[in-house]
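Q: Sequence first, then the predicted structure, then my questions.
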Amino acid sequence: MHEFRLNGVELALPSGLATPAILEKLAEGTYEEDEARAADRCVRPGFRVLELGAGIGYVTALCAQRTAPANVLSVEANPDLLPVIEATLARNGLSGVSVMHGAATGPVDEGAMAEFAVSEGYTGSSLDGKGRGVRVPLVSVHDLIRAHKPHVVLMDVEGAEAEMFNRPWKCPLRFCVMELHPRKYHARTIKKIVDFMSAMDMTYDPVTSRGKVLGFRKVWGASDAVEE
């Protein structure tokens with residue numbers, strides 16, 4: 001078992017789960033630093049958070065610490081990571097977070113399943129990648145948003161984000177931060193995402209954006225309420 005502490009979050013990874021490169025980032029404190037910074041910027045007390053691609057539960061824990069565990073819904077497709085996420089939350093006294101097993105995507109039929117490729121070291125696992133194949137439930141982002149009504153959406157879904165921006169999200173969205181995967185789709189897809197966010201009165205957020213991580217924040221008018 002490998003144990004670490006990042007930004008006040010206690011983490012423990014079973015031996016053999018992570019690659020040496022991941023372990024090195026954890027030891028250096030640089031693991032998911034952009035995502036952690038985004039959570040610190042976006043998540044506020046009382047905000048509901050939808051996290052798509054929970055990984056080992058590090059950012060999940062940061063979000064739960066800043067709002068409340070009951071306000072966080074995290075979705076993870078890799079079945080190997082589910083017990084790690086639960087252990088991370090329990091270790092940090094955050095067991096009230098809702099953790100769902102599934103691969104988030106666009107509209108899907110109820111009960112739909114798909115082949116999910118689990119890569120070595122778990123990062124990069126995806127619906128269209130290479131690795132050990134496992135069957136996972138497909139989860140519609142629109143169903144998740146309708147049910148959870150998030151103020152913040154954080155996503156790292158290895159290219160599946162391309163399918164999530166085909167109809168408006170009906171929720172009190174304040175921030176959305178995602179990792180883009182331009183090798184997996186055309187530049188028109190990125191434009192579609194940006195246009196979609198703009199149509200929901202969301203604008204580019206330079207604070208949470210860096211490299212392939214693209215952040216948006218709500219644009220408020222003079223008559224808009226600050227909270228919902």
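A: Yes, it's here.
Q: Now do the end-to-end distance for stretch 204-211.
A: End-to-end distance for stretch 204-211: 13 Å, by Cα to Cα, to the nearest Å.
Q: For it, report the contacting residues that lie outside it.
A: Residues outside stretch 204-211 that contact it (Cβ atoms under 8 Å, 6 or more residues apart in numbering) are Asp34, Arg37, Ala38, Arg41, Cys42, Phe175, Val177, Val194, Leu214, Gly215, Phe216, Arg217. In this view, the C-beta of every residue, glycine as well, is placed from N, C-alpha and C.
Q: Now do the third one against Ala160, distance only.
A: Meaning Ala38. 19 Å (Cβ to Cβ, to the nearest Å).
Q: Mind checking which of these two has more residues around it?
A: Shown here are Ala38 and Ala160; by other Cβ atoms under 10 Å, Ala38 has more neighbours (28 against 23).
Q: can you map out the strands along the chain?
A: Using DSSP state E, the strands of the chain run over 2-6, 9-13, 49-52, 72-76, 98-101, 103-105, 113-118, 132-140, 152-155, 175-179, 202-204, 213-218.
Q: Relative to the fifth one, what are the paired strands and their orientations?
A: Looking back up the chat, that one is strand 98-101. strand 72-76 (parallel) (DSSP bridges).
Q: Least confident secondary structure element in the chain?
A: strand 113-118 (a mean of 86; mean pLDDT, DSSP states H and E).
Q: of all the contacts of stretch 204-211, which two lie farthest apart?
A: Arg37 and Val194 (20.9 Å; Cβ to Cβ).
Q: Lowest average confidence across the strands of the chain, which one?
A: Of all the strands of the chain, the minimum mean pLDDT falls on strand 113-118 (a mean of 86).
Q: Summarise which helices and strands that strand is packed against.
A: strand 132-140 (3 or more Cβ pairs under 8 Å, 6 or more residues apart in numbering; DSSP states H and E).
Q: ok, and what's touching the strand it packs on?
A: So strand 132-140 is in contact with 75, 77-79, 100-108, 111-118, going by Cβ under 8 Å, 6+ apart.
Q: try 7 Å
A: 75, 77, 79, 100-108, 112-118 (Cβ atoms under 7 Å, 6 or more residues apart in numbering).
Q: And for stretch 51-61?
A: With Cβ under 7 Å, 6+ apart as the criterion, stretch 51-61 contacts 6, 9, 11, 13, 31-32, 35-36, 39, 63, 72, 74-76, 81, 84-85, 88-89, 92, 94, 97, 99, 104, 154-157.
Q: shaky segments in the protein?
A: 124, 129, 131, 221-228 (pLDDT under 70).
Q: mind redoing it with 80?
A: Applying pLDDT under 80 to the chain flags residues 119-132, 220-228.
Q: now the helices for it?
A: 20-28, 33-42, 58-66, 82-91, 141-148, 187-199 (DSSP state H).
Q: export the fifth one as PDB, just CAs?
A: This points to helix 141-148. C-alpha atoms of helix 141-148 as PDB (Å, rounded to 0.1, in the frame of the first residue of the first chain):
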ATOM      1  CA  VAL A 141     -25.000  13.200 -18.400                       C
ATOM      2  CA  HIS A 142     -28.400  14.700 -19.000                       C
ATOM      3  CA  ASP A 143     -30.100  12.300 -16.500                       C
ATOM      4  CA  LEU A 144     -27.400  13.000 -14.000                       C
ATOM      5  CA  ILE A 145     -27.800  16.800 -14.300                       C
ATOM      6  CA  ARG A 146     -31.600  16.600 -14.200                       C
ATOM      7  CA  ALA A 147     -31.400  14.500 -11.000                       C
ATOM      8  CA  HIS A 148     -28.500  16.300  -9.100                       C
END
